[in-house]
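# here is a sequence with its predicted model. Questions after.
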Amino acid sequence: MGRWLAKVAPGGIVLVLLLWGIEEAVDAGLVKRSLMPAPTDIGRILWELFVDGQVAGPLAETLARLGIGFAIGATLAVIIGLAMGYWPRVYGLFEPLIELLRPIPKAALVPPLVLFLGVGDAMKITSIALAVFFPVLINTVQGARGVDPVLIDTARTLGVRPLPLLRKIILPASAPFVFAGIRLSIALGLILAVISEMIAGTGGVGFLIIDMQRAFRVRQMYAWIVILAVVGYLLNLLILAAERRFLFWYQATERT
Amino acid sequence: MLGRRSGLLLIAILLLSWEMTSRTGLVTSENWPPVSAILAGLVHETLYGDLVQVIGATLSRFALGYVIGICAGVIVGFTFALVPFVRRMFEPIIELLRPIPAPALVPPLVLFLGVDDLMKVTIIAVTAFFPVAINTMQGASGVEPIYLAVARTFRTGPTRVLMKIIMPGTLPYVLAGMRISLALALVVTVVSEMIAGASGVGYYLVLMQYAVRSADMYAAIFVIAALGFALNAAFLAAERRLIFWYAPVP
């Protein structure tokens, strides 16, 4: 307990000092309340949002879109990635196209998607799926191509057919890379969820943040940003937990 | 490589079918302009329009924010690695700020700094800061202990250790972080222009979307992709020259 405290204390103290400093500055009128409300005010709004249950709606909307988009994007990416990693012909066929599409910031694809799909959920889910697809694909391909050839040859010698081979040997062997790609794609997917909601203007956490800003309801805006940050943090923890469970056998290189 | 040719062929076929379906009226949507129209529009806008200024505006913001961000990142990264106490003091705050998606920072920054370049440069710098800071910190702390031990055997002074051992050893990590920051900073530049812009490629993109000038809109996307590609290629070239000696552990 003492050691944990020693580790956390300096950072915690600085954090508390910072919040307290902001609080005092706002109270003393040094900072305009319309720009930076007192942290206690923000905290109060957060509390109200939770107690009133107002958090649930927009948060569920955003998370649902993120979840569906992620599921579609990641699944497609893993399937195509494994195929590309195992069959050189497939790799050669798709690689130039992927390299062409990869540098396009997926956020830039939101306007054309709006023209095609309107401002509904389809547009948002598609944007998220696109953002999730590429990192997972690239990492899966890297992982699949890097599988120890001895494993593959042994399996082939034992008569394993391609499909079970992919599923039982190549997929688990590439799992560390796939998870790294998933971790990256969640962050990107969240960014795109927020952007698409901001641009579409129909609901969700992203929309609320920009809406509150336009309405100069600053405390609400900060409250929702905090919620968003917490969501991002929790999602990251979730992936790390999943990684620990699925990759307990993997000796990763140094982690901070 | 034989396989690659099929890939290039695929791209050609897709582009051709895009052109064909649009020209022959198979797909009669406003949003489906022929590829040739996009390219023609691109050339026209570059020569006669203000596309060059638009790109210039975006690039100047990007460059300023990026340089500030990576400089701050390197400084903080080294400080954190070399002075663990400072790290313990400030790391939690940084860890709290890091998960916030960049577009969510745009509205509060708009309140503080308006919709001008200052806001965009700030958010670009903040975005560029994190990967470089983290990588620098990791690189500086992860210098091969045996080098440090040898230095101590030879009683090398701390300054020389810093300049000759720690900095070169950290350089590959710093550059890796800079490469990540490059991509992120470009995205954030475009996004900030899309959400709260009055100039630049991102703003142009959204403007074309509202005006349903789809050919120009796709041209803008092409420009953005080309910018990303060019910046990345330039960076890789510089990297190859700087750390030709580095062999990453697979």
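Nice, thanks for sending it over.

# name the nearest residue to residue B:8, sequence neighbours excluded.
What sits nearest to residue B:8 in space, not counting adjacent residues and going by Cβ to Cβ, 6 or more residues apart in numbering or on different chains, is residue A:96, at 5.2 Å. Heads up, the C-betas are built off the backbone N, CA and C, glycines and all.

# just checking, that neighbour touches residue B:12?
No - using Cβ atoms under 8 Å, residue A:96 makes no contact with residue B:12, being 9.8 Å away.

# give the contact list for the residue nearest to residue B:8.
Residue A:96 makes contact with B:4, B:7-8, B:10-11 under the criterion Cβ atoms under 8 Å, 6 or more residues apart in numbering or on different chains.

# if any of these are buried, put those into a ChimeraX selection.
What follows is the ChimeraX syntax for the buried subset of the contacts of residue A:96, where burial is set by 16 or more other Cβ atoms under 10 Å in any protein chain shown:
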select /B:7,10
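
# following the top helix by length along chain B, which helix or strand shows up next?
Counting residues, the longest helix in chain B under DSSP state H turns out to be helix B:51-82. Next helix or strand after helix B:51-82 toward the C-terminus (DSSP states H and E): helix B:84-97.

# and the longest helix of chain B with chain A, contact?
No - applying Cβ under 8 Å from any Cβ of the partner chain, one finds helix B:51-82 out of contact with chain A, separated by at least 10.5 Å.

# tell me the pLDDT of residue 224.
All of this is about chain A. The per-residue pLDDT reported for residue A:224 equals 89.

# chain B, not that one
87.

# and what of residue A:63?
Listed pLDDT for residue A:63 reads 91.

# how distant is the lowest-mean-pLDDT helix or strand in chain B from the center of its chain?
Using mean pLDDT, DSSP states H and E, helix B:35-48 stands out as the lowest-scoring helix or strand of chain B, at a mean of 77. Put simply, helix B:35-48 sits 26 Å off its chain's centre (Cα atoms, centre = their mean, to the nearest Å).

# which residue sits closest to residue B:121, ignoring its sequence neighbours?
Sequence neighbours aside, residue B:65 is the residue nearest to residue B:121 in space, at 4.3 Å (criterion: Cβ to Cβ, 6+ apart).

# the one you found contacts residue B:117, doesn't it?
No - the criterion here is Cβ under 8 Å, and residue B:65 misses it with residue B:117 at 9.2 Å.

# between these two, which is the more surrounded one?
Using other Cβ atoms under 10 Å in any protein chain shown as the criterion, residue B:65 and residue B:117 rank with residue B:65 on top: 26 against 20.

# how about residue 209, what does it touch?
Here I'm looking at chain A. Contact analysis of residue A:209 by Cβ under 8 Å, 6+ apart lists A:194, A:198, A:221, A:224-225, A:228, B:104, B:107.

# let me rephrase: I mean chain B.
Taking Cβ under 8 Å, 6+ apart, we find residue B:209 in contact with A:111-112, A:114-115, B:217.

# from those residues, which land in helices?
A:111-112, A:114-115, B:217.

# so can I have CSV of the residues you listed showing distance to residue A:138 and neighbour count?
Below are the ones in helices among the contacts of residue B:209 laid out as CSV (distance: Cβ to Cβ, whole Å; neighbours: other Cβ atoms under 10 Å in any protein chain shown):
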residue, distance to residue A:138, neighbour count
A:111, 24, 23
A:112, 23, 19
A:114, 26, 21
A:115, 28, 19
B:217, 27, 26
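
# could you dump these to TSV with distance to residue B:37 and pLDDT?
What follows is the ones in helices among the contacts of residue B:209, written out as TSV (distance: Cβ to Cβ, whole Å; pLDDT from 0 to 100):
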residue	distance to residue B:37	pLDDT
A:111	17	85
A:112	15	85
A:114	20	84
A:115	15	82
B:217	12	84
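
# now, which of the residues you listed sits nearest residue A:137?
Lowest distance from residue A:137 to the ones in helices among the contacts of residue B:209 (Cβ to Cβ) belongs to residue A:112, with 20.7 Å.

# distance-wise, check that closest one relative to residue B:155.
To residue B:155, residue A:112 is 64 Å away according to Cβ to Cβ, to the nearest Å.

# which two in the ones in helices among the contacts of residue B:209 are spaced the farthest apart?
A:114 and B:217 (10.1 Å).

# what's in contact with stretch A:136-143?
With contacts defined as Cβ under 8 Å, 6+ apart, stretch A:136-143 is touched by A:73-74, A:77-78, A:80-82, A:84-85, A:91, A:98, A:102, A:173-178, A:180-182, A:184-185.

# what ranges do the strands span in the stretch 1-150 of chain A?
Counting by DSSP state E, counting those that start in this stretch, the stretch 1-150 of chain A yields no residue ranges for strands.

# show me where pLDDT drops low in the chain?
Unless you meant another one, I'm taking chain A. The model of chain A has pLDDT under 70 over residues A:1, A:7, A:251-256.

# you answered for a different chain; I wanted chain B.
B:1-3, B:26-30, B:247-250.

# so which residues of it form helices?
Counting by DSSP H, the helices of chain B are B:2-23, B:35-48, B:51-82, B:84-97, B:102-113, B:117-141, B:145-153, B:158-160, B:167-196, B:201-210, B:214-242.

# by contact count, what packs against the longest one?
With contacts defined as 3 or more Cβ pairs under 8 Å, 6 or more residues apart in numbering or on different chains; DSSP states H and E, the packing partners of helix B:51-82 are helix B:35-48, helix B:84-97, helix B:117-141, helix B:167-196, helix B:201-210, helix B:214-242.

# one more pass at 7 Å, please.
Under the contact criterion of 3 or more Cβ pairs under 7 Å, 6 or more residues apart in numbering or on different chains; DSSP states H and E, helix B:51-82 touches helix B:84-97, helix B:117-141, helix B:167-196, helix B:201-210.

# to residue A:66, which of those lies closest?
helix B:167-196 (17.2 Å).

# so which elements touch the closest one?
helix B:51-82, helix B:102-113, helix B:117-141, helix B:201-210, helix B:214-242.

# how about that helix: buried residues?
B:167, B:169-196.

# what about the closest residue to chain B within the stretch 1-150 of chain A, distance to residue A:84?
Residue of the stretch 1-150 of chain A nearest chain B, by Cβ to the nearest Cβ: residue A:92 (2.1 Å). Residue A:92 is 9 Å from residue A:84, where distance means Cβ to Cβ.

# perfect, that will be all.
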